[in-house]
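Peer 1: give the three-dimensional model of this entry:
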Amino acid sequence: MEKKNIDWGNIGFGYVQTDYRYVSTFKDGAWDEGGLTTDANIVMNECACVLQYSQSCFEGMKAYTTEDGKIVCFRPDLNAARMVESAQRLKMPAFPEEKFLEAIRQVVKANAAWVPPYGSGASLYLRPYMFGWDSIIGVKPANVYQFRVFATPVGPYFKGGVKPLTVRISDFDRAAPRGTGHVKAGLNYAMSLYAIVDAHEKGYDENIYLDSATRTHIEETGGANIIFIKGNTLVTPKSSTILPSITRRSIVHVAKEYLGMEVEERDVSLAEIDQFEECGLCGTAAVISPVGTIDDHGRLIHYAGFGPKIQKLYDTLTGIQMGRIEAPEGWIMEIE
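Peer 2: Numbers count the residues shown, from 1 in each chain. Purely as a prediction, here's the structure:
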């Protein structure tokens, strides 16, 4: 299929309307058949539950063109399972995992011309999301829901591409114990908007949030998990309020099984972050972005940026995604 006439190397990370998206509606206790539509707009009542009480959840994933020209998705089954968990926590009906995967196949296949070519550094970002659709004025869950998937071609998540980031320890909290920090709810991201705008205005790329209970341990950023490197050991924070990143889980596997590294998933205290040699932010959008400096209220901690371990993790993970390195069984879904 002929690709769209786009400057793939300079598209940035933003929304570009593509040709098709998937829509399914839950009503009267069941999901309908669902299917593709060319209409990118959503019409709902002014009192829709999502507008009044933010009842929504979403996922983020990508489709790639591999070295041998195939179009693939990376571990979409984990996105499907995580969305079920998010929906359950928000009292929304779970969208069946097999239907989720079929929706992804349909959207990617229908928008194949929008999947960036191999070697461009770009990908087709996929956004599955679900929201309460009908009119609700009392505080309660909706009765009618929509599940949708749209696609948009994207470049690097951070401006300027992959370069060492400068981040700060935030004075704001992202999530509370026994709250919703572990699910991918839209409201969690709304809560981080003030902090990220403030960070950007002060010259930082991102915020690092501490645990809200004691404010002594590292958690994550507004849009990515954190990894640290010391010697041959990868250390990643463990907390019940951290979103379980699919990219982080994949990095842990790559570190253990491909690179022979030791892995520690544990509490990471703010006091010890100057003992690590490398630091990175990881997620679907960013993959792995190296951290050059953490500013802890004037205490500057410097890291190797794209140090040898972060570089090797990045090269191995992207190699698996792009088909240059053999993937573990079940990690790659080829779009027929």
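Peer 1: contact partners for residue 51?
Peer 2: residue 44 (C-beta atoms under 8 Å, 6 or more residues apart in numbering). Just so you know, the C-beta spots here come from the backbone N, C-alpha and C atoms, and that holds for glycine as well.
Peer 1: repeat that with 10 Å
Peer 2: Applying C-beta atoms under 10 Å, 6 or more residues apart in numbering to residue 51 gives the contacts 44-45, 131-133, 135-136.
Peer 1: just confirm it is within a helix.
Peer 2: Yes - secondary structure of residue 51, determined by DSSP: H, G, I helix; E, B strand; the rest coil: located in a helix.
Peer 1: residue contacts, the residue nearest the centre of the chain?
Peer 2: With distances taken as C-alpha atoms, centre = their mean, the residue of the chain nearest its centroid is residue 284 (4.1 Å). Applying C-beta under 10 Å, 6+ apart to residue 284 gives the contacts 59-62, 74-75, 79, 123, 125-126, 157, 223-224, 245-247.
Peer 1: closest to residue 319 among the residues you listed?
Peer 2: Closest approach to residue 319 among those (C-beta to C-beta): residue 74, at 11.9 Å.
Peer 1: residue 179 and residue 212, how far apart?
Peer 2: Note on residue 179: its distance to residue 212, by C-beta to C-beta, to the nearest Å, is 9 Å.
Peer 1: could you do residue 32 as well?
Peer 2: Distance, residue 32 to residue 212, using C-beta to C-beta: 40 Å.
Peer 1: about what we covered before: list residues touching both of residue 179 and residue 212?
Peer 2: Residues touching both residue 179 and residue 212 (C-beta under 10 Å, 6+ apart) are 173, 241.
Peer 1: which one (most neighbours) among the contacts of residue 284?
Peer 2: residue 224 (27 neighbours; other C-beta atoms under 10 Å).
Peer 1: now for residue 78: which residues touch it?
Peer 2: 59, 61, 97, 244-247, 249-250, 330-331.
Peer 1: spell out the residue ranges of the helices in the protein.
Peer 2: For the chain, the helices defined by DSSP state H occupy 49-53, 76-89, 97-110, 186-201, 246-253, 308-321.
Peer 1: closest to residue 12 among the contacts of residue 78?
Peer 2: residue 61 (18.8 Å).
Peer 1: and the closest one, what's its pLDDT?
Peer 2: Here, the pLDDT recorded for residue 61 equals 96.
Peer 1: on that earlier part again, which one among the contacts of residue 78 gets closest to residue 274?
Peer 2: Distance to residue 274 across those (C-beta to C-beta) is lowest for residue 245, with 24.0 Å.
Peer 1: list the contacts of the closest one.
Peer 2: Contact analysis of residue 245 by C-beta under 10 Å, 6+ apart lists 78, 82, 184, 220, 223-227, 236, 251-252, 281-284.
Peer 1: same question, residue 327
Peer 2: By C-beta under 10 Å, 6+ apart, the contact set of residue 327 is 72, 74-75, 250, 319-321.
Peer 1: go with 7 Å
Peer 2: Counting by C-beta atoms under 7 Å, 6 or more residues apart in numbering, residue 327 makes contact with residue 320.
Peer 1: cool, and the one 5 residues further on?
Peer 2: Applying C-beta under 7 Å, 6+ apart, one finds that residue 332 lies in contact with 72, 74.
Peer 1: what's the answer for the one 4 residues further on, then?
Peer 2: Applying C-beta under 7 Å, 6+ apart to residue 336 gives no contacts.
Peer 1: just give the number of residues close to residue 127.
Peer 2: Residue 127 has 16 neighbouring residues, counting by other C-beta under 10 Å.
Peer 1: let the chain start at 59 from now.
Peer 2: With 59 as the first residue, the last one maps to residue 185.
Peer 1: and the gap between it and residue 221?
Peer 2: For residue 185, the distance to residue 221 (C-beta to C-beta) stands at 25 Å.
Peer 1: ok, residue 268 next?
Peer 2: 25 Å.
Peer 1: between the two, tell me which one has more neighbours.
Peer 2: residue 268 (20 against 15).
Peer 1: verify the stated contact: residue 314 with residue 321.
Peer 2: Yes - counting by C-beta atoms under 7 Å, residue 314 does reach residue 321; the two are 5.5 Å apart.
Peer 1: give me the local confidence score for residue 234.
Peer 2: Residue 234 is assigned a pLDDT of 85 by the prediction.
Peer 1: find the nearest non-adjacent residue to it, please.
Peer 2: Nearest-residue entry for residue 234: residue 270, 5.2 Å, with adjacent residues in sequence omitted and distances by C-beta to C-beta, 6 or more residues apart in numbering.
Peer 1: what's the one you found in contact with, if anything?
Peer 2: For residue 270, the contact set (C-beta under 7 Å, 6+ apart) comprises 231, 233-235.
Peer 1: ok, now with 8 Å
Peer 2: Residues counted as contacts of residue 270 (C-beta under 8 Å, 6+ apart) are 231-235, 299.
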